[in-house]
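**Q** give me a 3D structure for the following:
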Amino acid sequence: MAFNRSHFAVGGVSFRPTSVRKSLVAPAQPTSKENEWLPLSNLDRVVTPTFSSVIHFYENAINANRSFESVVSALRQSLAEVLVHFFPLGGRLKLRDDGLIDLHCNDEGAVFITATLRETLAELGGPQPMDALSGLEIARLGRGPIYIPDQLTPIPTLVVQMTQFKCGAVAVATNWHHSVADGSSGCHFIKSWSEVATGQGVSIKPNHERMLLNPREIPDPSLVQGYSTKSSHSLNQVNLEVQTSSGPKVLQPPVLGTFNLDKESVLSLKDKVNLDNEDDSVRKFTSAESISGTLWQRMARSRSEGRTEKFDQDQQQHTMTRFFMFVDGRKKLNMPEGYFGNVVCSACAVSTEEEILQKPAAYAADLIRKACTNVTADYFRSLIDWVAVQGTTASKSEHVNSVGRDVAATFWTYFPLYKMEFGFGKPSFAARNSPARPLIDGIAMMPSPKGPGHMVALLNLHNDRMSRLQKDPEFSSVFSSKSTLTV
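**A** Just a heads-up that it's a prediction; the model follows:
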């Protein structure tokens, strides 16, 4: 159906689609009755109930021999076919009478949106994260970033938007509800969709056996840290006012910065962090540990330099800062190939601001390594048990409600984002496509179109902190700025 066209903005450029259409795409074959209801696992229930978003740009998709209409038709058909295998993404999240949410695989269909712009891709700043083109606002799922069904309103588990630019480029934005799948499973779905679109079969069939993550008969939640039962509903009405020693202060709005790291810079940073390591007996830090430790330190610096209130050394010694790193548990738990769902949790490293600022980045990298090392198979099982013990109480990682001095990081550098071809060339750029969030400082490391070893960093910070970070020579010598987008 045709849809009322709204105004959007990317990087300060306002635009309005010339046409927008919204429809539903159901699986090409009905889902069996035995799979109609899938209970969410406890690892599904403990993630933030938001949408995970990815965007791909294909710069030569439309030409004299290939119309946008034909591309849309082909992708709709291939989507219907791949949803036969990934049937949870053709269903709805529904609220049970006891307050828990389950997955109704009723084949109601994924939300599928097409939009046509009069602007070229270059006029909008070139390929980069553009959450205005995600489709979530057009899908009218309510105010985000938290999307939780109520008794009257189930939530679609998949939203796709295809956007045509005047220059012939096409953006494909894919959004799946995080309660249904983590980043690994979401990318598994997109890769499978691209395989079907190019005439191949699904190379790795999804496994939907969520009972593999059931709690133990005698629960033992004793290993869990960094999680709480504080509700995440309030994230849709965030107050940017925080209390300081000199009274209330309004935080500046969040921005999302995109930065390139070439292979040589990554290796140089890793060498520097390892050179600063005072313990020669410690195994050398990886690229991920080196980048994480450095960014934790530089982000802490950008916060501390912006304080206008009196903040003496004694306060800094006792001010805690945490670094949350998302850890995949598939290998730790010996999950079957293709398991579709959430198998992630957040490791939590803790220190004082003074130690992070005064000690070398190797100190921060070591804390992050130790926190991630502690996330064993036993830890995952303990987390599953912990959620069971909470019953119907909301259970979330504490990074969700964090304000101020914490950082959360995720690494997608090994996800096959640039192997997702739909029949009209390779993507020129691909990355997460979530809007800037006003609470925690965020890091999302992406693969680069330049190839293995190169990376793209998506950094989420308040505007004043981002400005100070970009002026920090320790940061700018490694991370080259691509763009900064406001919300």
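**Q** okay, CA-based contacts and neighbour counts for the rest of this
**A** Fine.
**Q** any idea which element Pro145 lies in?
**A** Element membership for Pro145, per DSSP states H and E: none, as it lies in no helix or strand.
**Q** no, scratch that, I was asking about Phe189
**A** With elements taken from DSSP H and E, the one containing Phe189 is helix 183-197.
**Q** next SSE downstream of that helix?
**A** strand 227-228.
**Q** okay, now the sheet partners of that next one, with direction.
**A** strand 396-397 (antiparallel) (DSSP bridges).
**Q** which other helices and strands contact the helix holding Phe189?
**A** Using 3 or more Cα pairs under 8 Å, 6 or more residues apart in numbering; DSSP states H and E, the elements in contact with helix 183-197 are helix 68-82.
**Q** and with 10 Å instead?
**A** strand 51-58, helix 68-82, strand 170-177 (3 or more Cα pairs under 10 Å, 6 or more residues apart in numbering; DSSP states H and E).
**Q** mind checking which of the ones you listed is nearest Gly341?
**A** strand 170-177 (10.4 Å; Cα to Cα).
**Q** the closest one - which strands sit beside it in the sheet, and in what orientation?
**A** By DSSP bridges, strand 170-177 pairs with strand 51-58 (antiparallel), strand 158-164 (antiparallel).
**Q** then that strand to PDB, C-alphas only?
**A** Extracted as PDB, the C-alpha positions of strand 170-177 are listed here (Å, rounded to 0.1, in the frame of the first residue of the first chain):
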ATOM      1  CA  VAL A 170      20.100   1.000  -3.800                       C
ATOM      2  CA  ALA A 171      20.300   0.700   0.000                       C
ATOM      3  CA  VAL A 172      18.900  -2.500   1.600                       C
ATOM      4  CA  ALA A 173      18.200  -2.000   5.300                       C
ATOM      5  CA  THR A 174      17.500  -5.200   7.400                       C
ATOM      6  CA  ASN A 175      16.100  -5.000  10.900                       C
ATOM      7  CA  TRP A 176      15.400  -8.000  13.100                       C
ATOM      8  CA  HIS A 177      14.200  -7.900  16.700                       C
END
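**Q** now that strand: mean pLDDT?
**A** Strand 170-177 carries an average pLDDT of 98.
**Q** list the buried residues for stretch 128-145?
**A** 128-136, 138-139, 144-145 (16 or more other Cα atoms under 10 Å).
**Q** closest one to Glu264 among the helices and strands packed on helix 183-197?
**A** Of these, the one closest to Glu264 (Cα to Cα) turns out to be strand 51-58, at 25.6 Å.
**Q** that closest one to helix 183-197, inter-axis angle?
**A** Here the directions of strand 51-58 and helix 183-197 differ by 40 degrees (axes from the mean of the first three to the mean of the last three Cα atoms, to 10 degrees).
**Q** now strand 51-58: buried residues?
**A** Phe51, Ser52, Ser53, Val54, Ile55, His56, Phe57, Tyr58.
**Q** pick the one among these closest to Lys94.
**A** Phe51 (15.4 Å).
**Q** residues in contact with that closest one?
**A** 136, 144-147, 157-159, 174-182, 433-434 (Cα atoms under 10 Å, 6 or more residues apart in numbering).
**Q** narrow those to those that are buried.
**A** Here, 16+ other Cα under 10 Å leaves 136, 144-147, 157-159, 174-182, 433-434 buried among these.
**Q** report pLDDT for the most centrally placed residue in the chain.
**A** In the chain, the C-alpha nearest the mean C-alpha coordinate belongs to Ser52, at 5.1 Å (Cα atoms, centre = their mean). Note on Ser52: pLDDT of 97.
**Q** any idea how far the helix or strand containing Ala115 is from the middle of the chain?
**A** For Ala115, the element it lies in under DSSP H and E is strand 110-116. Chain-centre distance of strand 110-116: 21 Å, with Cα atoms, centre = their mean, to the nearest Å.
**Q** which residue ranges form the helices in the chain?
**A** Counting by DSSP state H, residue ranges of the helices within the chain are 42-45, 68-82, 136-139, 183-197, 263-275, 287-304, 313-318, 353-358, 361-373, 377-390, 463-471, 473-476.
**Q** any weak-confidence spans in the stretch 351-487 of the chain?
**A** 392-404, 482-487 (pLDDT under 70).
**Q** got the buried residues of stretch 128-145 as CSV, with pLDDT and distance to Leu93 columns?
**A** Formatted as CSV, the buried residues of stretch 128-145 follow (pLDDT from 0 to 100; distance: Cα to Cα, whole Å):
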residue, pLDDT, distance to Leu93
Gln128, 95, 30
Pro129, 96, 27
Met130, 95, 26
Asp131, 93, 22
Ala132, 93, 24
Leu133, 95, 23
Ser134, 95, 20
Gly135, 95, 18
Leu136, 94, 16
Ile138, 93, 19
Ala139, 93, 15
Gly144, 79, 16
Pro145, 86, 16
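**Q** closest to Thr114 among those?
**A** Scanning the buried residues of stretch 128-145 for proximity to Thr114, where the rule is Cα to Cα, the winner is Gly135, at 8.7 Å.
**Q** so what's the residue count around the spatially closest residue to Thr114 that is not a sequence neighbour?
**A** Spatial nearest neighbour of Thr114, chain neighbours left out: Met162 (4.8 Å); criterion: Cα to Cα, 6 or more residues apart in numbering. For Met162, the neighbour count with other Cα atoms under 10 Å is 25.
**Q** check Asp98 too.
**A** 8.
**Q** for Ile148, which non-adjacent residue is spatially closest?
**A** Closest to Ile148 by Cα to Cα, 6+ apart is Pro49, at 6.4 Å.
**Q** count of neighbours near that neighbour?
**A** 21.
**Q** shouldn't it be in contact with Tyr147?
**A** Yes: using Cα atoms under 10 Å, Pro49 is in contact with Tyr147, at 5.8 Å.
**Q** measure the closest residue in space to Trp386 that isn't next to it in sequence to Thr120 for me?
**A** Distance criterion Cα to Cα, 6+ apart; nearest residue to Trp386, sequence neighbours excluded, is Pro221 at 4.5 Å. According to Cα to Cα, to the nearest Å, Pro221 stands 53 Å off from Thr120.
**Q** thank you, goodbye.
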